[in-house]
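Asker: Quick check, what structure comes out for this input:
(chains A and B)
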Amino acid sequence: MQTLMRRLLLPVTLVMAVAIVAAHEVTYKGTVISVEPAKLQVKVIDDKDDKKTTPMTFAITDKTKIFRGDIELKLADAKIVKDERVAVTINHDEAGYKALEIRLAKNR
Amino acid sequence: MRRKAAWVVGGLAVIAVLVGWSLHGTGFNARNPPAWIEGRVMLGLRSWAIPPPAHRLTNPIAPSDAAVREGMAHWADHCAVCHDNDGSGNVAIGRHLYPPAPDMRLAATQNLSDGDLFYIIEQGVPYTGMPGWGNGTPEGQESTWHLVLFIRHLPKLTPEELKEMTSLNPVSPADQKRKKDIDDFLNGRGH
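Answerer: Below is the predicted model of the structure:
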């Protein structure tokens, strides 16, 4: 009985987990306008019309993960430059556009 | 004396009923982390409840690179979804649990005994997001002891190990597509 419950509960938990991720995290793609120790300004490209862009500012916190390729780096080591492509994931439900994850190309 | 005790018990019961009544319909949420005092009380109760023989258990598996790597692979496959590869808990599910998944690199976890860690993994922690993973088999217990070794290694994880763990994390089709979209964009193969 216990094994059956476990078998039933694990998929339910995983589905809920995926739902949490899908419901709360949003990724913005664009190019870097500027970067400072606590904020990143990005010219965000519209999902439906890639000619349309909107400048957005994302907060960089101590919880922000920064990846160049698959390697996680500190902000200073990532050497982010103006106009390079960037993908920023935020928690949709939190105020302040706090970046959870900043992804950059392996090679600029 | 008995009469005095009855008054005290009666008084406490009335207070409990009044407190209970005052909470009726006030709502709840698991969006914010528990208050400091709630966290301390619950952690204290957890430590108090672990049976002393379990607390005193020591890891029967000798620390070695191979043993740590076995725990690392298991962690990346099963635990990282809530605890993150580095044990920080800084992932969507870990952050949204009540209480949030702890940063296991810190003293609050590292100061637990090997037996405490083993007991928590095997039995889980009621009223938290931590399931009990024990299945009572020697193989299952051996896997848990490997995890205990890996938890001790968390504060010393290297960037190379983290990269390797990323390749071992289970990825859903939706996440695979999301990552491909991002990679294509970053590498100039799409907008």
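
Asker: Could you tell me the phi and psi values at the most centrally placed residue in chain A?
Answerer: Nearest to the geometric centre of chain A sits A:T89, at 1.8 Å (C-alpha atoms, centre = their mean). A:T89 adopts backbone torsions of phi -100, psi 130, taken as degrees, to the nearest 10.

Asker: so it makes contact with A:K98?
Answerer: No. At 10.3 Å, A:T89 does not count as touching A:K98 under the criterion of C-beta atoms under 8 Å. Glycine gets a C-beta too; all of them are placed from N, C-alpha and C.

Asker: Quick one: name the residues of chain B near chain A.
Answerer: Residues of chain B lying close to chain A (C-beta under 8 Å from any C-beta of the partner chain) are B:81, B:90, B:92-93, B:95-96, B:131, B:159, B:162-163, B:166, B:172, B:174-175, B:178, B:182, B:185-188, B:191.

Asker: Can you flag the buried ones in the residues you listed?
Answerer: Neighbour counting by 16 or more other C-beta atoms under 10 Å in any protein chain shown classes B:V81, B:N90, B:A92, B:I93, B:R95, B:H96, B:L162, B:T166, B:R178, B:I182, B:F185, B:L186 among those as buried.

Asker: so what's the fifth one closest to, chain neighbours aside?
Answerer: Right, the one you point to is B:R95. Counting by C-beta to C-beta, 6 or more residues apart in numbering or on different chains, B:G89 is the residue found nearest to B:R95 once chain neighbours are left out, at 7.0 Å.

Asker: swap in B:V148?
Answerer: B:L117 (4.7 Å).

Asker: Same question for A:I45.
Answerer: Nearest non-adjacent residue to A:I45, counting by C-beta to C-beta, 6+ apart: A:G30, 5.0 Å away.

Asker: Report the secondary structure state of that neighbour.
Answerer: Taken by DSSP: H, G, I helix; E, B strand; the rest coil, the conformation at A:G30 corresponds to strand.

Asker: With the one 3 residues further on instead?
Answerer: Look at A:I33: counting by three-state DSSP, its state is strand.

Asker: For the nearest residue to it once chain neighbours are set aside, give me phi and psi.
Answerer: Of all residues not flanking A:I33 in the chain, A:Q41 sits nearest, at 3.9 Å (C-beta to C-beta, 6+ apart). Note on A:Q41: its backbone torsions stand at phi -100, psi 130 [degrees, to the nearest 10].
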